[in-house]
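# Got a predicted structure plus its sequence, pasted below:
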Amino acid sequence: MRPDAVAGTGSDGHHEYLRTSCGRDLTVGRLALGGARHPAARVFVDLGQCPGCEGTGWAGLTVAEARQFARAVLAQAAAAERECRARAAAGAVRWPAASS
């Protein structure tokens, strides 16, 4: 993450930054590979470091792969929200006390 960046998302025009709740700094940006005659646009995801984590990782994705990854992340986020709502609703239901 940039030294002047705050927690949350931000953009410098070429990169997006996100600090996760566990303190990991993610960076998503564009790579321009190849020359003018054979450009190869790529998107990269850098997992950065976090307190207590070992190592880092990154992935270079084609434009199509990046879109597929984005769809997968959004689908999983939506599913996680639905599960949390369902669990909260189930926890809010009060069952009658068992009679002895």
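Alright, I've got the coordinates.

# drop to CA atoms for contacts and neighbour counts, all remaining ones
Fine.

# so Y17 sits in a strand?
Yes - under DSSP: H, G, I helix; E, B strand; the rest coil, Y17 falls within a strand.

# what does the model give A41 for pLDDT?
Predicted confidence (pLDDT) for A41: 87.

# the longest strand in the chain is where?
strand 25-33 (DSSP state E).

# Which neighbouring elements make contact with that strand?
Secondary-structure packing of strand 25-33 (3 or more CA pairs under 8 Å, 6 or more residues apart in numbering; DSSP states H and E): strand 15-19, strand 40-46.

# if you compare those strands, which one is most tucked away?
The highest average neighbour count among the helices and strands packed on strand 25-33, using mean count of other CA atoms under 10 Å, belongs to strand 15-19 at a mean of 19.

# Next, the angle from that one to strand 25-33.
160 degrees (axes from the mean of the first three to the mean of the last three CA atoms, to 10 degrees).
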